[in-house]
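>>> Sequence and computational prediction follow.
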Amino acid sequence: MPRRSSAKKAEYEKFVSDAIQMLDRISQDRGVPRNIRKATTDVIDALRDESLSYGVRASKAISLLNEIISDINMPPQTRSQILLVVGLLERIKD
């Protein structure tokens, strides 16, 4: 049983790492409105909060992303990237 748990943990760490990389690219893109860049850095902070379980971190991040996903000023490619991140984070369960 410990193997399965450590395998899940490694898988979740990979998902979180991939999500952070994608969000970091968005947060540094000057073509993205400032409020969206700020929200992505807030999501990155939520994903890095090691006091929370992976599931709670992912849920918090998804909630923050859902708040900005319908922003009319968001470039279409950024919306697509955020939806990819949400899909990735939805795979994380406690």
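Happy to help now that I have it.
>>> Show residues contacting stretch 49-56.
For stretch 49-56, the surrounding residues in contact (Cβ atoms under 8 Å, 6 or more residues apart in numbering) are Lys9, Tyr12, Glu13, Val16, Arg57, Lys60, Ile92, Lys93, Asp94. For glycine as for every other residue, the C-beta is placed from the backbone atoms N, C-alpha and C.
>>> mind checking the end-to-end distance for it?
In stretch 49-56, first residue to last residue: 10 Å (Cα to Cα, to the nearest Å).
>>> Which elements pack onto the helix or strand where Ala7 lies?
Taking DSSP states H and E as the criterion, Ala7 maps to helix 2-27. Using 3 or more Cβ pairs under 8 Å, 6 or more residues apart in numbering; DSSP states H and E as the contact test, the elements touching helix 2-27 are helix 34-47, helix 54-68, helix 76-89.
>>> ok, and for it, which residues are buried?
Using 16 or more other Cβ atoms under 10 Å as the test for burial, helix 2-27 gives Tyr12, Phe15, Val16, Ala19, Ile20, Met22, Leu23, Ile26, Ser27.
>>> That one versus helix 54-68: what angle between them?
On the basis of axes from the mean of the first three to the mean of the last three Cα atoms, to 10 degrees, helix 2-27 is oriented at 20 degrees to helix 54-68.
>>> Listing request: residues of the protein with sub-threshold pLDDT.
Applying pLDDT under 70 to the chain picks out residues 1-4.
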